[in-house]
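sequence and computational prediction follow.
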Amino acid sequence: MNLHIDDHQEGNYGMLKLSGEIDAYTAPQLKEKLLTLVEEKESVEVDLTKVSYMDSTGLGVFISALKLSKEKDHNFKLINLQENVYRLFNITGLNEVINIENTIKGGLS
Amino acid sequence: MKQAFDFVEMKLPAKSEFVGVLRLTISGVANRMGFSYEEIEDLKVATSEAITNAVNHAYYEEGTGEVTIGFGLYEDRLEVMVADRGGSFDLKEVKEQIGPYDEKESIEDMREGGFGLFLIDALMDKVEINNNHGVIVLMTKFLYENEVGQNDDQISTTQ
């Protein structure tokens, strides 16, 4: 029920690798790290391969990051979403505005 | 008509670290009832959204209250009730805010919250909100017998 955040940075590129669950408890620490990275780096990717659960608090964090990236004219992208996580972006229509690459069919074993 | 019924009730502190505890509980209850993997994921999100709302109310009112969660287990459905006795919110205002993202909205106007109730509505079969004394969210998910049947658990014999 925790979220582990791995941070990789190289020049103007930043990547967060997340593993665990994104909910009301873990979203604040994610928001802080992600917004700092989007502020500083021209291109930011968030790898959700190992995120097994997410709810609307996670959607809120990614909307904030998207807004900031537009403001700064930076790139922001989500990659490798498990099916149940991608589903929430689909239901809410956010998949139309957030750059999402690769979804993992059937989740991870 | 007689109907089998079990009721489980739990009280949790209105703190965000307990949202995950509720998810584990609903997984267990729904799994026992025979819901599918996808349906259990829906139930986890919907109940987390409801308790997150309750936790946020408690936070804004600086209360250290608790949230009461009730599970009604019927033969054909699971009813989940999430009640926070704290203050009430303006239901009309909340209803106006919910809905999917509209492509015509500009990104600057996008809301960062407010998807919670929309997701509950999208993921559950029936949702009722009572706002008279605190906030009570009552949501129902029906148990449709899937074609493989409940006794079709794959038991591996290779060990």
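Sure thing, it's come through. Treat the numbers as computed from the prediction; the structure is a model and nothing was measured.

could you report the neighbour count for the one residue in chain A that gets nearest to chain B?
Closest approach between chain A and chain B, counting by CB to the nearest CB: A:Met1, at 3.4 Å. Heads up, the C-betas are built off the backbone N, CA and C, glycines and all. A:Met1: 15 surrounding residues under other CB atoms under 10 Å in any protein chain shown.

show me the shaky parts of chain B.
Applying pLDDT under 70 to chain B flags the ranges B:1-4, B:58-64, B:86-113, B:133, B:145-159.

in it, which residue sits nearest chain A?
As assessed by CB to the nearest CB, chain A sits closest to B:Gly20 within chain B, at 3.4 Å.

if we can go back for a sec, quick one, what contacts the residue of chain A closest to chain B?
For A:Met1, the contact set (CB atoms under 8 Å, 6 or more residues apart in numbering or on different chains) comprises A:20-21, A:23, A:25, B:20-21, B:23-24.

could you rerun that using 6 Å?
The contact partners of A:Met1, taken as CB atoms under 6 Å, 6 or more residues apart in numbering or on different chains, are A:21, B:20.

same check on the one 10 residues further on?
Taking CB under 6 Å, 6+ apart as the contact definition, A:Gly11 lies against nothing.

near chain B, anything from the helix ranked longest in chain A?
Longest helix of chain A, by residue count under DSSP state H: helix A:56-72. Yes: Helix A:56-72 lies within reach of chain B by CB under 6 Å from any CB of the partner chain, at A:56, A:59-60, A:63-64, A:70.

got the phi/psi numbers for residue 11?
With no chain named, the answer covers chain A. Dihedral pair for A:Gly11: phi 60, psi -120, per degrees, to the nearest 10.

same check, this time on A:Ile98
The phi/psi pair for A:Ile98 (degrees, to the nearest 10) reads phi -100, psi 140.

and for it, nearest residue in space, chain neighbours not counted?
A:Leu66 (5.6 Å; CB to CB, 6 or more residues apart in numbering or on different chains).

equivalent analysis for A:Thr49, please.
In space, A:Thr49 is closest to A:Asn80, 4.1 Å off (CB to CB, 6+ apart).

what is the neighbour count of the residue of chain B closest to chain A?
Count around B:Gly20 with other CB under 10 Å applied: 21.

let me see the contact set for it.
Counting by CB under 6 Å, 6+ apart, B:Gly20 touches A:Met1.

shouldn't A:Ser69 be in contact with A:Leu78?
No: counting by CB atoms under 6 Å, A:Ser69 does not reach A:Leu78; the two are 11.6 Å apart.

stretch B:115-125 vs chain A: in contact?
Yes: using CB under 6 Å from any CB, we find that stretch B:115-125 touches chain A at B:115-116, B:119, B:122.

can you point out the buried residues in that stretch?
Across stretch B:115-125, burial judged by 16 or more other CB atoms under 10 Å in any protein chain shown covers B:115-124.

contacts for it next, please.
The contact list for stretch B:115-125 (CB under 6 Å, 6+ apart) reads A:56, A:59, A:91-92, B:42, B:45-46, B:49, B:53, B:98-99, B:127, B:139-142.

please flag which of those residues sit within strands.
Among those, DSSP state E puts B:127, B:139-142 in strands.
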